[in-house]
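Peer 1: okay, sequence plus prediction incoming.
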Amino acid sequence: MGLKIWSTFLADFLRQCGGYAVIDGGLATELERHGADLNDPLWSAKCLVSSPHLIRRVHLDYLEAGANIIISSSYQATLQGFEEKGISREEGEALLKRSVEIAREARNIYNDRAAKGSWDDFADGLSNLKCRPVLVAASVGSYGAYLADGSEYSGIYGDAISVKTLKDFHRRRVQVLANSGADLIAFETTPNKMEAQAYAELLEEEAINIPAWFSFSSKDGTNVVGGDSMLECASIADSCKQVTGIGINCTPPRYIQGLIQSIRKVTSKPIIVYPNSGETYDGEKKEWVASTGVAEEDFVSYVDKWCEAGVSLIGGCCRTTPKTIRAISKVLSSRSHRV
Ligand SMILES: [Zn+2]
């Protein structure tokens, strides 16, 4: 039995959406804006235990703002991290699945409301509200995110870490998420090519039967945070047949344009961009610091340029909000051709 060819999954989805798709915005930072205290090695995954209703609410806010893809709260949810908190393997696996279920519940609620809304509008003679296609992506954060010591933004893992140790670290979580009812896996904030290689081998070895996207983060316009070139990282992603899109997330908007050009050189798969607000995270102080120089609050002004450079999926990462996503959605829907 051969594996389904997943590489065109997002391209097909984009056709359904009229050419462009909106990704959601920051999840963890939005939970914090609603008062959640995420100062914990589990970060947003802490809410999976303490306040799943808040996670569902934030997913819904992003759907209402126009998102076509919502990303689950499993970014920093790892079986190893749960075990360190006294949460058993079984309970940990249940929590991983729960993160996807919460996103699916939000999608159901949203679809019900949209269907009802369009019926009411229809009754009013205004039948322009349509059910939007929505995907649920299961988030996988890097090994550095699990370490929760800032190495997700340095990409430096030390000599003891190899492709093999990374595969073993991610293996069970990826298997569980692949069978959780998610439409795809979003490997996010990948800091180096070694981890991209580990993901690619893992998808193949475990014959993971849902598509995936690989998204990297950068502190300049050329390399990913660990220093490997964006070009090399994107080539690894491009060669993996389960990879259906390649992108950049949690990176300041000012660096995006150059990175898109590197990705475009090595792939014809859809390009995904969901930058952070442009502030930088101080891993030691555990706080976001506004960057000096250009004001980045309004990164929506970049959206058209990114589209022209070949990007077709855009959203936001840390410190972006439903307001950001609503604005992106407006720009993208004016570019989309109606289907
Ligand atoms: Zn982020």
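Peer 2: Thanks, I have the structure now.

Peer 1: which ones are touching residue 81?
Peer 2: When contacts are counted by C-beta atoms under 8 Å, 6 or more residues apart in numbering, residue 81 touches 41-42, 45, 146, 148. In this view, the C-beta of every residue, glycine as well, is placed from N, C-alpha and C.

Peer 1: for residue 228, same thing?
Peer 2: Residue 228 makes contacts with 155, 192-193, as judged by C-beta under 8 Å, 6+ apart.

Peer 1: now the top helix by length along the chain: mean pLDDT?
Peer 2: With DSSP state H setting the assignment, residue counts place helix 89-123 as the longest helix in the chain. Model confidence over helix 89-123, given as mean pLDDT, is 89.

Peer 1: in it, what counts as buried?
Peer 2: By neighbour count with 16 or more other C-beta atoms under 10 Å, helix 89-123 contains the buried residues 91-93, 95-107, 110, 114, 118.

Peer 1: that older thread, between the contacts of residue 228, which sits nearest the ion?
Peer 2: Of all the contacts of residue 228, the one with the least separation from the ion (C-beta to the ion) is residue 155, at 14.6 Å.

Peer 1: need the pLDDT of the closest one.
Peer 2: On the pLDDT scale, residue 155 is placed at 94.

Peer 1: can you put the contacts of residue 228 in TSV and add secondary structure and neighbour count?
Peer 2: TSV is the format used below for the contacts of residue 228 (DSSP: H, G, I helix; E, B strand; the rest coil; neighbours: other C-beta atoms under 10 Å):
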residue	secondary structure	neighbour count
155	coil	25
192	coil	27
193	helix	23
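
Peer 1: include distance to the ion when you put these into TSV, please.
Peer 2: Written out in TSV, the entries for those read as follows (distance: C-beta to the ion, whole Å):
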residue	distance to the ion
155	15
192	17
193	20
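
Peer 1: and of those, the nearest to residue 256?
Peer 2: residue 155 (18.1 Å; C-beta to C-beta).

Peer 1: and the stretch 201-339 of the chain, which residues reach the ion?
Peer 2: By C-beta under 5 Å from the ion, the part of the stretch 201-339 of the chain that sits against the ion consists of 250, 317-318.

Peer 1: surely residue 248 is within a strand?
Peer 2: Yes - in this structure, residue 248 lies within a strand as judged by DSSP: H, G, I helix; E, B strand; the rest coil.

Peer 1: and the residue lying closest to residue 199 once chain neighbours are set aside, how many neighbours?
Peer 2: What sits nearest to residue 199 in space, not counting adjacent residues and going by C-beta to C-beta, 6 or more residues apart in numbering, is residue 187, at 5.2 Å. The tally of other residues near residue 187 (other C-beta atoms under 10 Å) stands at 28.

Peer 1: show me what whichever strand or helix holds residue 187 is packed against.
Peer 2: With elements delineated by DSSP states H and E, residue 187 resides in strand 184-190, which encompasses its position. Applying 3 or more C-beta pairs under 8 Å, 6 or more residues apart in numbering; DSSP states H and E, one finds that strand 184-190 makes contact with strand 135-140, helix 163-178, helix 193-205, strand 212-216, strand 243-249.

Peer 1: burial count for the residue lying closest to residue 182 once chain neighbours are set aside?
Peer 2: Sequence neighbours aside, residue 138 is the residue nearest to residue 182 in space, at 3.7 Å (criterion: C-beta to C-beta, 6+ apart). Counted with other C-beta under 10 Å, residues neighbouring residue 138 total 30.

Peer 1: now residue 287
Peer 2: Neighbouring residues of residue 287 were enumerated by other C-beta under 10 Å; the total is 11.

Peer 1: just residue 27 next, same as before
Peer 2: The tally of other residues near residue 27 (other C-beta under 10 Å) stands at 24.

Peer 1: can I take it that residue 272 is in a strand?
Peer 2: Yes - assessed with three-state DSSP, residue 272 lies in a strand.

Peer 1: report the contact partners of it.
Peer 2: Taking C-beta under 8 Å, 6+ apart, we find residue 272 in contact with 23, 213, 215, 245-249, 311, 313-314.

Peer 1: 6 Å instead?
Peer 2: Under the criterion of C-beta atoms under 6 Å, 6 or more residues apart in numbering, the contact partners of residue 272 comprise 213, 215, 245, 247, 313.

Peer 1: shaky segments in the stretch 201-339 of the chain?
Peer 2: When residues are selected by pLDDT under 70, those of the stretch 201-339 of the chain lie in 291-298, 338-339.

Peer 1: great, nothing more from me.
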